[in-house]
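Colleague: Fold the following for me, if possible:
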Amino acid sequence: MRTSLSACIAGLALTSAVSVARAEDAEILQRPDPAAVLDIAKGFGSARMGKDDNGDPMISGRIDGVKYLIYFYGCEDHENCKSLQFATGYADPLTADQANAWNAKYRWVKAYSGDGSNFRMDVSFAGGITRANLEEQFSNWNAMAGNIKDFVSGK
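Modeller: This is a model prediction of the structure:
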């Protein structure tokens, strides 16, 4: 009897701890808060807040030696944005064949031919996402930075 009471108490304590952990993970972000995005970005490398040509928030950062920008889209008066996009580009434009070769190999980050931001990854906040999911998006971008560098350099 004593053993089953101890097991029951231990089980309740574990259930309570799991509930607290899930509650923290369950913080749903309905919009990409620039300060929260910047905070996460700084956990992956250097990053600073700025504004794009339209006056909307923009983050400039560097991960694994790759410079990147985060653009905020669907903003209302430069606030309450609806999505964001990671982007990086190089002086030499990608050809359509190069972009297609990249896109055939990689899923999350897409390549585009021409000048400008040749590599992009979109993050939608429609319906809300957890902070843990947003951090995972940074992990995806971080994991791809080396691949982008190698692809551009022809390795």
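
Colleague: Please make it C-alpha for all contacts and neighbour counts, starting now.
Modeller: Will do.

Colleague: Okay, helices next: where are they in the protein?
Modeller: With helices called from DSSP state H, the chain shows them at 2-25, 34-42, 96-105, 131-153.

Colleague: Which one of these has the poorest average confidence?
Modeller: Ranked by mean pLDDT, these bottom out at helix 2-25, with a mean of 50.

Colleague: Can you get me a residue count around residue 121?
Modeller: Residues lying near residue 121 (other C-alpha atoms under 10 Å) number 18.

Colleague: so who does the closest residue to residue 83 other than its chain neighbours touch?
Modeller: Leaving aside its chain neighbours, residue 83 sits nearest to residue 124 (4.6 Å; criterion: C-alpha to C-alpha, 6 or more residues apart in numbering). Neighbour list for residue 124: 82, 83, 84 [criterion: C-alpha atoms under 8 Å, 6 or more residues apart in numbering].

Colleague: Looks like the last one contacts residue 72 (just checking).
Modeller: Yes: with contact taken as C-alpha atoms under 8 Å, residue 84 and residue 72 are classed as touching, separated by 4.4 Å.

Colleague: Among the two, which residue is more densely surrounded?
Modeller: Shown here are residue 84 and residue 72; by other C-alpha under 10 Å, residue 72 has more neighbours (27 against 23).

Colleague: Beta-bridge partners for residue 114, please?
Modeller: Note on residue 114: beta-bridge partners by DSSP bridges are residue 94.
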